[in-house]
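Got a predicted structure here, sequence first:
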Amino acid sequence: MSLTETAQQIRRRDLRIPLGAILLVIALTAPFIGSRYVTHSLIIALIFMLPAHGLNLLVGYTGLLSLAQAAFFGIGAYTAGLLAVTYGTPFYVNVVAAGLAAGAIALPLGIPALRLRSTSFVMCTLGFVIIGQAIAKNWISVTRGDMGLSSIPKPHFALGPLSFTVSGTMGFYYLALAIGALATLAVWAIVRSPAGRNMIAIRENETLAESVGIPTWRYKLIVFMISAVFAGVGGSIYAHYLTVVSPLTFQMYYSTTMLIIVLGGGAGTISGVVFGSLLFVGLTEALRITPELRMIAYGLCLLALVFWFRQGFAPLINRFWNAIGGAK
Amino acid sequence: MFSTILEQIVNGIVTGSVYAIVAVGMTMIFGVLRAINFAHGEYYMLGTFGAWFSIDYLGLSYEASIVVGVLSTIVIAYVVGKLVMQRMVGAPAESGVLATLGIALVLQNTVILVFGGGYKFFADGYIEPVSILGFSLAQQRILILVVCLLVFVGLELMVTYSRMGKSMRAVSQNVDCCEVVGIDVPQVVLRTFILGAALAALSGVLTAPVNVSVYGGMGELITFKTLPIIIMGGLGNVRGTFFAAMILGVAESLVATYVGLQFRDTVGFATLILMLMWRPHGLFSTQARF
Amino acid sequence: MTGLPILEIKNLRKSYGAVKAVNDVSIHINRGEIAGMIGPNGSGKSTFFDCSTGLAKPDTGTVKLDGQDITGWSLNRIAREGRMLRSFQKTVVFKSLDVEENLIIAGQMFTFPSLWSTFGLGRMSRQRVSGLRERARELIKMAGLWDVRHQPAGNLSGGQQKLIQFASMLMPDPKLILLDEPMAGINPKIIERVVETILYANKSLGVSFLVIEHNIDVVTSICQRVIVLDQGQKLVEGLPQDIIQDQRVREAYLGG
């Protein structure tokens, strides 16, 4: 039994490098292989991967179910949009500012919200989305209400004499890919650090974590803020890609999508989020599934995840992985 | 000036009654399942659609459409209850949130897919105004008030005296003990759930003539209204829910008139968040369950 | 300095509604001592523990650890800054993590100087973690868990989980350990092992103990002094052999 297991593990390790290389090649050449629409789908998937990574830190690693991700996504989108439209600040400034703004707003929201337990916490985070939408709709002097912000410029970079604008789908794909890769690396670093271990301890048993000296409340607040930063950055890129932002960015729809990515991909794993964004956002976008059908599929997936696939759909992939390992 | 305020308060109480009938089912389901039903507003929507369909397509009268709306919702609730809600017995709170969120997505979007996402016109009901004590109030609104009172008196009686009410109370207090003394917990959950969904549907059908428009997303809006109510009322507390619904109804109506219509839909969650900070266990103590 | 008690609790009170769970209890634990606490069920032992360790807030009274007033500190701060650790009546471990990780987590907050430094991945951070791993392995060997060290803690037996919890508490060089019924529900073989570990920690590592325990044999064999609680009040304290002879204690247990 254990012998076959180790054999399988070795095979799996052998596969890891070539498979990773294949994935890298696919990621780098995707815009040349697929159509423009497929590239567009991949961009959307890469953008949604950011808030999903943040949510994974919260749900998967720290064990806090939050619906607030859409609120921070919206805050990021509006921050970037407003800066770009009003002050004409460059793309990278907007992205950083959006992340910081979302993280900063998460602090006063997180302090009271994190004192609440399970259901009340979920409810409170849902409230943030709803109130965020109301503010975006009604603070007309700043947000232009229901009209939203339009003609947000495409990312523009200026390095001394060199300057270029990322306007095409292909250019934006590589930009999104680079940011997505950086974000994945950042999550990896957080998870692998001793703090990541403490986060898992909080998820596993909060009182026990307290009793070994872990300041659980402060960790939860920090993770809540980090997750907001990821969502804010994601929102800012979304705003620059679509060039418009409307109050509908604050919607349960987005929170649900991010939740599906994390839970469906496998909460508490980094590869799960990458896989989840490609499957639930990239694929549905590429297949041009109508929003209603997509939502029905998400709903059914949620039910399946709760009752049958508690570890997400990743174990299925794992089994597949093992199968190729066995075939080799 | 004074009469406007009074009128707004009366309007608020009518709205509060609508919320109360929906919320009471949600809070009872929480009582037996320890899970918040994120899909509860969808049964309100289903009831309304059932009635609208039977009037527009089948040419039935409003009275008959009430029956069709509520019965068709009961059928759907039975299926959902059997397939999903009964599985949630003893599951952690997060599973309940996710599963009911899933149901909400399926129900809402299936209706939009079948009937289209646009607004539909609900052209029936008792809309003649009558004047009482110097107020002019549509008959339909009076009907809503009366039904709300009847529902709550009925529920009080049922919970106190009937066998089902007693077993509901027992389940909400201790699930493990119920299994020991032979109460069929899944059965109680199913019945409570169907009762709650039927009440939500009834509320929807009764409100349709007042709201006039019918659309697929209306359930979500109601869910977002009733979530704060059941938490403010102290989860599982029927009387608390009644008062919280009335307070929210009146507050919304006053905010809509004196602050701005656009802020009406935020009142619930804004109050909820303030309250959670101040009294995390609800305005009315959680001790008084049912 | 050494004459000062390691833990001194004065006039502790805690009520839940009308129930006075702990009613004016004062005790002290001497440095290097193993003290026992017994009392019938519902006598307030667990509430007393919770109030002393920061899991619950006492209504009135002071808790002094090593001369420092720690009343009202949170559980994590008392553990981290006071190095006073506690176990729980119901054994708890980080179930999905393996034994080694359980112990490393138990030591982390005592090794890293600040919360922010735990986010580090640099050489310093790696060195600290490998130091913790070494210490964890020593303790795992001592607790006889070497063969299962890479298994998820949740898969192990109740007794083994108890040993994990115990080893976890020894990770950070504690000053004082409060044990809540460490022998409940484990087999005699593991009881022996736990007793050995307590004695080892006490003699070689200089850890003081306060132990709530129903197993009177264990109490008389390891404790130098026993405190008896009854109905939220301290009934009597003294040498173990005197306590088991005491008429009041017998009456309290028999409900007389």
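Received the coordinates, thanks.

show me the contacts for A:Val95.
Neighbour list for A:Val95: A:80, A:179, A:233, A:236-237 [criterion: C-beta atoms under 8 Å, 6 or more residues apart in numbering or on different chains]. Any C-beta I mention is one placed from the backbone N, CA and C, and that applies to glycine too.

what's the farthest-apart pair in those?
Farthest-apart pair in these is A:Ala80 and A:Ile179; separation 12.8 Å (C-beta to C-beta).

The two: which is more packed in?
A:Ala80 (31 against 19; other C-beta atoms under 10 Å in any protein chain shown).

ok, that one to chain C distance?
26 Å (C-beta to the nearest C-beta, to the nearest Å).

hang on, the earlier thing: so which of the contacts of A:Val95 are in helices?
Mapping the contacts of A:Val95 onto helices (DSSP state H) picks out A:80, A:179, A:233, A:236-237.

so what's residue 121 up against?
Using chain A. Residues near A:Phe121 by C-beta under 8 Å, 6+ apart: A:64-66, A:113-114.

should've been chain B
B:212-214 are the contacts of B:Phe121 under C-beta under 8 Å, 6+ apart.

PyMOL command to pick out the buried ones of these?
The buried subset of the contacts of B:Phe121, as determined by 16 or more other C-beta atoms under 10 Å in any protein chain shown, is captured in PyMOL by this line:
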select buried, chain B and resi 214
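
Can I get the contacts of B:Phe121 in TSV including pLDDT, distance to chain A and secondary structure?
Below are the contacts of B:Phe121 laid out as TSV (pLDDT from 0 to 100; distance: C-beta to the nearest C-beta, whole Å; DSSP: H, G, I helix; E, B strand; the rest coil):
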residue	pLDDT	distance to chain A	secondary structure
B:Val212	78	22	coil
B:Ser213	84	18	strand
B:Val214	85	17	strand
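
Which single one of the contacts of B:Phe121 is nearest to A:His156?
Nearest to A:His156 among the contacts of B:Phe121 is B:Ser213, at 44.5 Å by C-beta to C-beta.

how close does the nearest residue to that closest one once chain neighbours are set aside sit to A:Phe250?
What sits nearest to B:Ser213 in space, not counting adjacent residues and going by C-beta to C-beta, 6 or more residues apart in numbering or on different chains, is B:Tyr119, at 4.5 Å. Separation of B:Tyr119 from A:Phe250 (C-beta to C-beta, to the nearest Å): 22 Å.

Compare the two (neighbour count), which wins?
Shown here are B:Tyr119 and A:Phe250; by other C-beta under 10 Å, A:Phe250 has more neighbours (27 against 13).

That one contacts A:Val129, correct?
Yes - applying C-beta atoms under 8 Å, one finds A:Phe250 in contact with A:Val129, separated by 5.5 Å.

that older thread, in CSV: the contacts of B:Phe121, plus distance to C:Glu251.
Formatted as CSV, those follow (distance: C-beta to C-beta, whole Å):
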residue, distance to C:Glu251
B:Val212, 77
B:Ser213, 76
B:Val214, 74
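
shaky segments in the stretch 51-200 of chain A?
A:160 (pLDDT under 70).

How about the residues of it by chain B?
Counting by C-beta under 8 Å from any C-beta of the partner chain, the stretch 51-200 of chain A comes close to chain B at A:65, A:112-113, A:115-116, A:118-120, A:122-124, A:126-127, A:130-131, A:134, A:137-138.
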